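Novice: What follows is a predicted structure for the sequence shown.
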Amino acid sequence: MRTGEPLPAVGEVLASLATGLWHWNTSTGLVTVDAEAARLLGLPAEQTVLTEAQTRARLHPVDWNEITGVVQLAVAEGTLAEVRIRIMDERGRIVRVVRSRSKPSFDPAKRAYELIGTLQEVTEPRPGTPADRTAVTGDWRRSREAFLLDAGRALAEARSTAEVLRVAAGLAMPGFSPDGLAVFGVTGDRLTLIGHHGQRPGDEGPFTHMPVETDYPAAEVVRTGRAVYLSSPAQYKDRYPLTWPLAAHFGRESWAFLPLTVAGRTMGAWMAAFTHPVAFTPDERSVLTTVARMLAQALTRASAAETQRELTDGLQRSMLPTLGPEIPGMTLAARYIPTGGGLQVGGDWYDMIPLPNQRFALVIGDVQGHDVRAAGLMGQLRIALRAYAAEGHRPDAVLSRASHFFHGINQAENGEDTRFATCLYIEVDPVTGLLEAARAGHLDPAVRMADGTVLARATAGGLPLGIDPDADYPTTRLALEPGESLLLCTDGLLETGGHDLDTGWQRVRGILEGHEGDLEELADALVQAVHGPSSHHTTGPFADRRGDDIAVLLLCRHGGAGCGPVAAAPAPASVRRTMLTVAQAEPERIAVGRQQLRELLHDWPSADQVDSAVLLVSEALTNVLVHTDADALLVAEVTGTPGERRIRIEVTDAGDDLPHKRRPGELASSGRGLVLIELLADIWGVAPRGEGKTIWFELYEAGDALYAPDGSGGSVGSDPVGSGDPDGPGVP
């Protein structure tokens, strides 16, 4: 070309340089190529428009995935996108290698990429290429770094050997992904096959338990700790003639055997096999070596984790009991979820202990800590409790002896790492439903009634086990009515997810009241609510709180609404009942009685009536403690269908003196109890018993309640038993 002549067209210049042009718009999904680019893609040499699927069919699948990553990275960095692409024919063979250079752009409105670039054929290095020559790879180095970061993250997240092998099989190395791999380990003087990919089942037979002295590449790598690279079948056959027949039928063209080394010790070998020739340039060897190191570390972590899981699972299975044979008239369910600490078993436990006379005991507890010592102490304490219970001791005696035993264990350790344990021991009579509970610093049990109402049952308790060897543990009697379920749990069920005991109880209570399944489904629902995906939406005020082990015991007495879904319409018979004993030395339990009564009437429509009932209960209990030397027994019962229910409350004591209504003056400090009962109760009375008496009153949900014959409610005037009792004297 002479000076002053016009420049030739860009397309003519590129065509003379054997360089093609291509344009790709991801919003339309079309790729436009000129004649030279079409020729390089193996198509007729004419300008054409291809779909993404047609274009992808001409490219190696690994290179297509690499293009996507390189384009995104180039847009983010504002640089050119360079990548090497292998062009495939209809039979899946590589016909040439081209280099693409483009300047991609991103349209935020369409969320699409647009690329205009060039294609130019490059020379693929052949096996035996000198070590100082590197392939023209475009953006290969940048792709390699991105690949290593992704591979490292994926291998680090693998939790088992099987997951590590799946991740290794899915690694798409930039430009030279292996088509088959195998991971070898060493056991004694034998080479073992840990896992493989890309071979048919049964092909691993000859390579299993191969002696380390065998003339095989993986065995040599294990012996020497040095990698072996074989770029062609001829190299393999010349170097390992004895074992070449084992590898010949796989149809591979190149092999890389690399040592799996951890802390300077070779623990095995990794084989990467290729169906196409690979030169194993320094860059490619660097990638393979890095992957082998990450693979070795991932396998070591996975093996250690699997060993620990196997150990802790065995420890857990040996320590946690089975629930034994079926209990006539009752259903039992239990769950244990280790969520705290590195060890997958901690200090929480539960137990079911058979007792004489067809009775049994339920035990749940929590030893301080989440380590091996906590698990060991838990096992010893559980055995001690079973032994004391089998001797026939009552619940209070069982916990007293267990506390003395546990204190002795701590002293045997010379006072170092002193632990304590909370425990709840309940003796159950399945025939009558009576429960005798003794508590050592543990959570109170809860009862789910037949209609779904949930009450926390306050029980007397003492110090946690192991603190005071002479501690006393008073017992509390409870009654489990037909259709009711008993919940025993450790604090992990309430506090997991950043909750405290109050907010955690509200969460668990909602699950108990709203559940409509059997006891096993209820146990699963409780665990799922605090330990499953749904718990992420119900975090408590202490969101960074560490999780704890969870132990749950559920007991249901058959009858009524049963142990299945809540009845849609409860029967008119008694559907709710609560009982509480208030001793002379425990006036603070009056507050517990008020709280239980409010929970019993949680759905009562009249707040004024609820306040009245709470006030009258407080007055009746206080009168017993002030005017007698006996303990008070509170029984509150709700009967009837919704809209026509009544609440009957009885306070019983062992005193013989019947109360009499008085007219206190303005400055009097007492004497108003019966006056308040007469004013606020719909009907009331006093019933003498064989020993002691019962003061009772009733409130009605309906406005047209039944009153005494004189229309003024019950009285204790001339008739001390209360003529307003519709069922007669002393009949609840």
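Specialist: Nice, thanks for sending it over.
Novice: so where is the stretch 351-500 of the chain shaky, pLDDT-wise?
Specialist: For the stretch 351-500 of the chain, the stretches with pLDDT under 70 are 412-417.
Novice: Please enumerate the strands of it.
Specialist: Under the criterion DSSP state E, counting those that start in this stretch, the stretch 351-500 of the chain contains strands at 360-367, 421-428, 434-440, 446-448, 454-456, 461-462, 475-479, 485-489.
Novice: Same question for the stretch 201-350 of the chain.
Specialist: Applying DSSP E, counting those that start in this stretch to the stretch 201-350 of the chain gives strands spanning 210-211, 228-230, 254-262, 265-274, 330-337, 348-354.
Novice: Can you say which of those strands is nearest to Lys693?
Specialist: strand 330-337 (35.0 Å; C-beta to C-beta). All C-beta spots, glycine's among them, are computed from the backbone N, C-alpha and C.
Novice: And that closest one, how far out from the chain middle?
Specialist: 17 Å (C-alpha atoms, centre = their mean, to the nearest Å).
Novice: Extract the C-alpha set from it and format it as CSV.
Specialist: C-alpha atoms of strand 330-337 as CSV (Å, rounded to 0.1, in the frame of the first residue of the first chain):
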residue,chain,number,x,y,z
MET,A,330,-49.8,-44.3,78.3
THR,A,331,-47.5,-43.2,75.4
LEU,A,332,-43.9,-42.0,75.8
ALA,A,333,-41.7,-40.1,73.4
ALA,A,334,-38.2,-38.7,73.8
ARG,A,335,-35.6,-36.8,71.8
TYR,A,336,-31.9,-35.9,72.4
ILE,A,337,-30.2,-33.3,70.1
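Novice: Just the residues contacting that strand, thanks.
Specialist: By C-beta atoms under 8 Å, 6 or more residues apart in numbering, the residues outside strand 330-337 that reach it are 316, 320, 323, 348-350, 352, 428, 430, 492, 518-520, 522-524, 526-527, 531, 549-558, 563.
Novice: related to what we said a few turns ago, tabulate the strands of the stretch 351-500 of the chain in a markdown table, adding columns for mean neighbour count and distance to Ile194.
Specialist: Converted to a markdown table, the strands of the stretch 351-500 of the chain look like this (neighbours: other C-beta atoms under 10 Å; distance: least, C-beta to C-beta, whole Å):
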| stretch | mean neighbour count | distance to Ile194 |
| --- | --- | --- |
| strand 360-367 | 24 | 38 |
| strand 421-428 | 25 | 43 |
| strand 434-440 | 23 | 49 |
| strand 446-448 | 21 | 50 |
| strand 454-456 | 19 | 52 |
| strand 461-462 | 20 | 54 |
| strand 475-479 | 18 | 56 |
| strand 485-489 | 24 | 42 |
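Novice: who wins for proximity to Trp64 among the ones you listed?
Specialist: With C-beta to C-beta as the yardstick, what comes closest out of those is strand 485-489 (54.4 Å).
Novice: would JSON lines of the strands of the stretch 351-500 of the chain with distance to Gly329 be doable?
Specialist: Shown next, in JSON lines, are these (distance: least, C-beta to C-beta, whole Å):
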{"stretch": "strand 360-367", "distance to Gly329": "12"}
{"stretch": "strand 421-428", "distance to Gly329": "11"}
{"stretch": "strand 434-440", "distance to Gly329": "13"}
{"stretch": "strand 446-448", "distance to Gly329": "17"}
{"stretch": "strand 454-456", "distance to Gly329": "22"}
{"stretch": "strand 461-462", "distance to Gly329": "28"}
{"stretch": "strand 475-479", "distance to Gly329": "14"}
{"stretch": "strand 485-489", "distance to Gly329": "13"}
